[in-house]
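Colleague: structure here, sequence nowhere to be found:
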């Protein structure tokens, strides 16, 4: 009898803890992260675009009214670095992911701990539907880095143009593929990624994301749905259903399609009855394109991606969490894309890694209105291997001059300091700015020692923890780890 009681008590405890764990897991908010590809700050209506760009964006504009709109959300100058910072919470200089490359082993090594892995450890179901651009070899696929499932493309949408280019040789460069995979499996080819499937892929990403969210909601499991769309990366080709819809060209048609896709995701959350327990983020990985026929706009800021000017680094960012984030909130406080990993830690129930340098900071108090101040004052802005500039408070110091993505980088004889509140276009540095002959309107030399201290402090961390080399072998283990 005593044995039975002990067995019964142990069994009851197991059931109790299992039940409690399930209840706790269901109480965790779902997270839906929609990431556009090279969408400029000034494209949608909520940021001054929309109808001015040829297409209204009512669903995205409504999302802005339902939560918080950031005016000072910062990313990296290129696709791979931004996605690396997002997934790892680390500046790309630490991860060997500072630039986009072609034909070389690249991306996040398996040693890195991703946001998806942390969500997974916290009991979340994880799905990714879209562009990865963080590695295209075993050990570096999304499904090797914490995602339960993936549908999309490994690299850049540039590849969709390969098979249509003159003298293309499929024996030398294999036709790019749209793929699907489950965790731990080798990705399976679904279809060729070309100019035709480029038009339809974002619709497919939505369909797969909606199927994933529907299944997990029915199972009452918390989920992290990462939807890195391919639009508006060049070539900007809208879905056939939207081609010609606005009468204002392919870019405007793409904006209309993009807004529709966002609306479908939001409608799905409503239909499933989980909108109130879901954090929704909509943002972009980079500033706008600068290419013939496919040039976007950074709105209030200057130029395009592949520089460290504000037009490259600032992108739109909307976040909604009903009952937690006040509707129609707006903030100009500085937030960096690396901040998202630690920001979700408490709400998802995962621990931020302590065995490596983490650059992101928890911004949930800012998002939920518990404070009106950011948890960060600045960050280094690398473009490739060079720290081109450093952004600190309202100031930006440029050490290198690069006025466009097609310009070469030129190291300055003297750093140029810009007060972004008074000089948002970064044209008037204290000693004449970017070669335009102006004479700086005020002296800001006191900022130099303040920012120099921050730069030296950051560089010291790179000696304390050796950055992952590029290219790095897989598997990779840091020295001394």
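Modeller: Alright, I've got the coordinates. All of these numbers come straight from a predicted model, not from anything done at the bench. Numbers count the residues shown, from 1 in each chain.
Colleague: what segments of the stretch 51-200 of the chain are strands?
Modeller: 68-74, 125-131, 149-153, 177-182, 188-192 (DSSP state E, counting those that start in this stretch).
Colleague: how far is the last one from where the chain is centred?
Modeller: So the one you mean is strand 188-192. 25 Å (CA atoms, centre = their mean, to the nearest Å).
Colleague: buried sites along that strand?
Modeller: residue 192 (16 or more other CB atoms under 10 Å). From N, CA and C alone the C-beta is placed, and that goes for glycine too.
Colleague: kindly report the same for the fourth one.
Modeller: Residues 177-181 are the ones in strand 177-182 that count as buried (16+ other CB under 10 Å).
Colleague: quick check: closest non-adjacent residue to the residue nearest the centre of the chain.
Modeller: In the chain, the centroid-proximal residue (CA atoms, centre = their mean) is residue 285; its distance is 4.4 Å. Excluding the flanking residues, the one nearest residue 285 by CB to CB, 6 or more residues apart in numbering is residue 82, at 4.1 Å.
Colleague: next, count neighbours for that neighbour.
Modeller: Number of residues near residue 82 (other CB atoms under 10 Å) recorded here: 28.
Colleague: hang on, it packs against residue 88?
Modeller: No. Residue 82 sits out of contact with residue 88 when judged by CB atoms under 8 Å, with a separation of 11.2 Å.
Colleague: any regions of the stretch 301-450 of the chain where pLDDT drops low?
Modeller: Along the stretch 301-450 of the chain, the parts satisfying pLDDT under 70 run over 430-442.
Colleague: what segments of it are strands?
Modeller: So, for the stretch 301-450 of the chain - with DSSP E, counting those that start in this stretch - the strands run 314-320, 329-331, 335-336, 378-383, 386-392, 395-401, 410-419.
Colleague: let me have the ones you listed in JSON lines, extended by mean neighbour count and distance to residue 216.
Modeller: Output for those, formatted as JSON lines (neighbours: other CB atoms under 10 Å; distance: least, CB to CB, whole Å):
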{"stretch": "strand 314-320", "mean neighbour count": "26", "distance to residue 216": "19"}
{"stretch": "strand 329-331", "mean neighbour count": "16", "distance to residue 216": "28"}
{"stretch": "strand 335-336", "mean neighbour count": "26", "distance to residue 216": "28"}
{"stretch": "strand 378-383", "mean neighbour count": "23", "distance to residue 216": "34"}
{"stretch": "strand 386-392", "mean neighbour count": "22", "distance to residue 216": "38"}
{"stretch": "strand 395-401", "mean neighbour count": "22", "distance to residue 216": "42"}
{"stretch": "strand 410-419", "mean neighbour count": "17", "distance to residue 216": "46"}
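Colleague: make JSON lines from the buried residues of strand 177-182 and add pLDDT and distance to residue 361 to it.
Modeller: Shown next, in JSON lines, are these (pLDDT from 0 to 100; distance: CB to CB, whole Å):
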{"residue": "177", "pLDDT": "98", "distance to residue 361": "38"}
{"residue": "178", "pLDDT": "98", "distance to residue 361": "36"}
{"residue": "179", "pLDDT": "98", "distance to residue 361": "34"}
{"residue": "180", "pLDDT": "98", "distance to residue 361": "35"}
{"residue": "181", "pLDDT": "98", "distance to residue 361": "32"}
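Colleague: need those residues in TSV (columns: distance to residue 31).
Modeller: Converted to TSV, the buried residues of strand 177-182 look like this (distance: CB to CB, whole Å):
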residue	distance to residue 31
177	28
178	25
179	24
180	22
181	21
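Colleague: follow-up on the earlier one: for residue 409, find the nearest of the strands of the stretch 51-200 of the chain.
Modeller: strand 68-74 (19.6 Å; CB to CB).
Colleague: show me what the closest one is in contact with.
Modeller: For strand 68-74, the surrounding residues in contact (CB atoms under 8 Å, 6 or more residues apart in numbering) are 46, 283, 313-320, 325-326, 329-337, 367, 379, 391.
Colleague: so that strand versus strand 314-320, what angle?
Modeller: 150 degrees (axes from the mean of the first three to the mean of the last three CA atoms, to 10 degrees).
Colleague: quick one: mean pLDDT for strand 68-74?
Modeller: Averaged across strand 68-74, pLDDT comes to 98.
Colleague: buried residues in it?
Modeller: 68-74.
Colleague: tell me which two of those residues sit farthest apart.
Modeller: Top of the distance list for those (CB to CB): 68 and 74, 15.6 Å.
Colleague: name the helix or strand for residue 252, please.
Modeller: Using DSSP states H and E, residue 252 sits within helix 250-272.
Colleague: in that helix, which residues are buried?
Modeller: 250-263, 265-266, 268-269, 272.
Colleague: could you check the angle that helix makes with strand 314-320?
Modeller: Using the same axes, to 10 degrees: helix 250-272 against strand 314-320 is 20 degrees.
Colleague: what segments of this structure are helices?
Modeller: Ranges of helices in the chain, per DSSP state H, are 2-27, 58-65, 79-88, 92-95, 115-121, 195-218, 250-272, 310-313, 340-343, 345-348, 364-367, 447-464.
Colleague: is it true that the residue nearest to the centre of the chain touches residue 33?
Modeller: No. Using CB under 8 Å, residue 285 is not in contact with residue 33, being 11.2 Å away.
Colleague: any idea of the mean pLDDT in stretch 95-103?
Modeller: 94.
Colleague: can you pull out the residues in contact with that stretch?
Modeller: 78-81, 84, 88, 92, 106-109, 112, 133-134, 156, 382-385, 467-472.
Colleague: can you do 7 Å?
Modeller: If you take CB atoms under 7 Å, 6 or more residues apart in numbering as the criterion, stretch 95-103 is touched by 78-81, 84, 88, 92, 107-108, 112, 156, 382, 384-385, 467-470, 472.
Colleague: cool, stretch 138-154 as well?
Modeller: So stretch 138-154 is contacted by 107-108, 110, 114, 116-117, 120, 125-132, 134-136, 178-185, 187, 193, 205, 208, 212, 474-475 (CB under 7 Å, 6+ apart).
Colleague: switch to 6 Å and redo it
Modeller: 107, 110, 114, 116-117, 120, 125-132, 136, 178, 180-183, 187, 193, 208, 474 (CB atoms under 6 Å, 6 or more residues apart in numbering).
Colleague: that older thread, show me what the helix holding residue 252 is packed up against.
Modeller: helix 58-65, helix 195-218 (3 or more CB pairs under 6 Å, 6 or more residues apart in numbering; DSSP states H and E).
Colleague: what comes up buried for the shortest one?
Modeller: Within helix 58-65, the residues that qualify as buried are 59-64, counting by 16+ other CB under 10 Å.
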